[in-house]
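>>> Sequence plus predicted model, see below.
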2 protein chains.
Amino acid sequence: MEKLSKIGKYEFLAEPFHCDFSGHLFMGHLGNHLLNAADFHSNERGYGMNYLNTVRKTWVLSRLAVEMDDMPGAYDRFSVETWVDDVMRFFTSRNFRITGQDGHVYGYGKSIWAMIDVETRQPADVLSVRGGLIKDYIEKEYPCPIAQSSRVKMSGEASPVRQTDTCYSDVDVNGHVNSVKYIEHILDLWNLDWYRKHPVRRFEIAYVAESHQGDRLHFYCERRETDVDFNVRIAKEDPDCGETEVCRCRVLFV
Amino acid sequence: MEKLSKIGKYEFLAEPFHCDFSGHLFMGHLGNHLLNAADFHSNERGYGMNYLNTVRKTWVLSRLAVEMDDMPGAYDRFSVETWVDDVMRFFTSRNFRITGQDGHVYGYGKSIWAMIDVETRQPADVLSVRGGLIKDYIEKEYPCPIAQSSRVKMSGEASPVRQTDTCYSDVDVNGHVNSVKYIEHILDLWNLDWYRKHPVRRFEIAYVAESHQGDRLHFYCERRETDVDFNVRIAKEDPDCGETEVCRCRVLFV
């Protein structure tokens, strides 16, 4: 088998009905394309879900940050390049670069993935898989000039702004609420009037716990230093301890 | 320009995160692929949105019925064939056939589209567009062996089962709630326990009025003759008359 390059490149179309009122791709659909690119890239190189399923392990998205200068418009063809830029024992770091057909760079993404054992749900050693095969594909030079995700500190003063029940269409094949669905639910906290003036510039999310169909999610939001910069926390109702944090996020608008 | 065949065929991938807990494509995402196929097919033949936008007209989906023997699974590549099988003055009828790579037929769809003037929102004469060009592409022989949509009669006894506020991610580039989003909201009325025993067999929807971001939608549901067969009505709150019907639907489960 010919050895593949470290960077994978995948073509996508900004489908018209995946675009918002302004004719630009929804951040949630972009996030889905990034996850697809990561999935294709890791499967092609032998350390993706297809192989991991056979050894009862899986990748779990832990953090995602996306920063965009602009978004593909309806019918635009664009590419997602993705590569692993660092591997630790229980985590890998994966970057994304989103470009147009003319080479125009729309933006970048950074993500952190944990490997877990599907039975115990405990961390699994990334380097034990296929003798550390993934290390052959580390690419440290290719640029991804956006900030790392940083831990979002919330003041405890964040206001409850919405609650929603999770439904059938929130849940993916893993049996829990899909990572992209949280992005959609969070961005739904702002209305069209807001988005007319303030497209999303940067979106960061850290996934803390899983939620499942039937869970009631509570959304808390607070402003950061400027009035286009927000922290959002999602918590699920938990009969034992009131609420459990599910994810925490920062949204920076233009 | 070479004349294209009457039937268009488009390839899609059942993306892993577009699949439900059972690993099968969500009906909403299938619906999106059908709409994409219709869009590609009509644009390629000169009577699609790309041309209509230049003469201030547009297509509006009026009815959709989809009947599936089974659904593509995660990573399956499948094709959507689509063709116009009838043209009336203000409406066209368009069929769909969904097949796997081995020729296996997953199911079929039927749809009705109205042409309207974008300024007046009144019906526009389909045959006046490019001298009735669309008539050159009518295909009446290719089989689509499912029942037409029939008018869903509701008894007036249907129970209110949910209400939801429409959000940013519900609205597409046309400025109103996307056709596929109604499908998702309707199928969210049933939970995972239900879907474990009862996949969707047939889904029919008639679009009556548009709704917009901020509208509060009320869902009413009633059983038909069997306990896997339901009617659903969505109405939006309306300050003038209480509620206005937005769409009406039938869902038949296995």
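Here it is on my side, so go on. Numbering: from 1, shown residues only, chains lettered A, B, ... in the order given.
>>> OK, contacts around the closest residue in space to A:His24 that isn't next to it in sequence?
Leaving out its chain neighbours, the residue that sits closest to A:His24 by C-beta to C-beta, 6 or more residues apart in numbering or on different chains is A:Met71, at 4.0 Å. To be clear about C-beta, it is placed using only N, CA and C from the backbone, and glycine gets the same treatment. Contacts of A:Met71 were listed using C-beta atoms under 8 Å, 6 or more residues apart in numbering or on different chains, and they are A:14, A:24-25, A:27, A:30, A:106, A:199.
>>> among those residues, which are in helices?
A:27, A:30 (DSSP state H).
>>> What about the contacts of A:Met71, which one has the most neighbours?
Taking other C-beta atoms under 10 Å in any protein chain shown to define a neighbour, the member of the contacts of A:Met71 with the most is A:Leu30, carrying 29 neighbours.
>>> so who does that residue touch?
A:66, A:68, A:71-72, A:98.
>>> burial count for A:Ile98?
26.
>>> Pull out the buried residues from stretch A:135-146.
For stretch A:135-146, the neighbour count (16 or more other C-beta atoms under 10 Å in any protein chain shown) marks A:137, A:144, A:146 as buried.
>>> Which of those residues sits closest to chain B?
Nearest to chain B out of the buried residues of stretch A:135-146 is A:Tyr137 (C-beta to the nearest C-beta; 21.0 Å).
>>> you'd agree that closest one is up against A:Thr82?
No. Contact criterion C-beta atoms under 8 Å: A:Tyr137 and A:Thr82 do not qualify, at 10.9 Å.
>>> of all the residues in chain A, which ones are close to chain B?
Neighbours of chain B within chain A, by C-beta under 8 Å from any C-beta of the partner chain: A:15-23, A:26, A:28, A:32, A:35-36, A:39, A:49, A:74, A:167-169, A:171-173, A:175, A:178-180, A:184, A:187-188, A:190-192, A:195, A:213-214.
>>> repeat that with 7 Å
Applying C-beta under 7 Å from any C-beta of the partner chain, we find that chain A lies next to chain B at A:15-17, A:19-21, A:23, A:26, A:28, A:32, A:35-36, A:39, A:74, A:167-169, A:171-173, A:175, A:178, A:180, A:184, A:187-188, A:190-192, A:195, A:213-214.
>>> now those residues: which count as buried?
Here, 16+ other C-beta under 10 Å leaves A:15-17, A:19-21, A:23, A:26, A:28, A:32, A:35-36, A:39, A:74, A:167-169, A:171-173, A:178, A:180, A:184, A:187-188, A:190, A:192, A:195, A:213 buried among those.
>>> circling back to that earlier point, could the contacts of A:Met71 go into TSV alongside distance to B:Arg94 and pLDDT?
What follows is the contacts of A:Met71, written out as TSV (distance: C-beta to C-beta, whole Å; pLDDT from 0 to 100):
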residue	distance to B:Arg94	pLDDT
A:Ala14	23	97
A:His24	28	98
A:Leu25	26	98
A:Met27	31	98
A:Leu30	30	98
A:Tyr106	33	98
A:Pro199	34	97
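>>> now, the most widely separated pair of the contacts of A:Met71?
A:Ala14 and A:Pro199 (14.5 Å; C-beta to C-beta).
>>> Can you list the low-confidence ranges for the stretch 151-254 of chain A?
By pLDDT under 70, the stretch 151-254 of chain A has no low-scoring segment.
>>> hang on, the earlier thing: among the residues of chain A next to chain B, which ones are in helices?
A:28, A:32, A:35-36, A:39, A:180, A:184, A:187, A:192, A:195.
>>> Tell me which two in those residues are the farthest apart.
Counting by C-beta to C-beta, the most remote pair of those is A:Asp39 and A:Leu192, 31.9 Å apart.
>>> what ranges do the helices span in the stretch 51-200 of chain A?
A:179-187, A:192-197 (DSSP state H, counting those that start in this stretch).
>>> Find the centremost residue of chain A, please.
Residue closest to the average C-alpha location in chain A (C-alpha atoms, centre = their mean): A:Leu64, at 4.0 Å.
>>> And the strands in the stretch 51-200 of chain A?
For the stretch 51-200 of chain A, the strands defined by DSSP state E, counting those that start in this stretch occupy A:57-68, A:77-87, A:91-100, A:105-117, A:159-165, A:200-207.
>>> For the fifth one, what is the distance to the chain centroid?
For strand A:159-165, the gap between its own C-alpha mean and the chain's C-alpha mean amounts to 21 Å (C-alpha atoms, centre = their mean, to the nearest Å).
>>> ok, and for that strand, which residues are buried?
In strand A:159-165, counting by 16+ other C-beta under 10 Å, buried: A:162, A:164.
>>> Determine the set of other helices and strands touching that strand.
Counting by 3 or more C-beta pairs under 7 Å, 6 or more residues apart in numbering or on different chains; DSSP states H and E, the packing neighbours recorded for strand A:159-165 are strand A:216-223.
>>> what comes up buried for the helix or strand following the strand it packs on?
Per DSSP states H and E, the first helix or strand lying C-terminal to strand A:216-223 is strand A:229-238. Across strand A:229-238, burial judged by 16+ other C-beta under 10 Å covers A:230-236.
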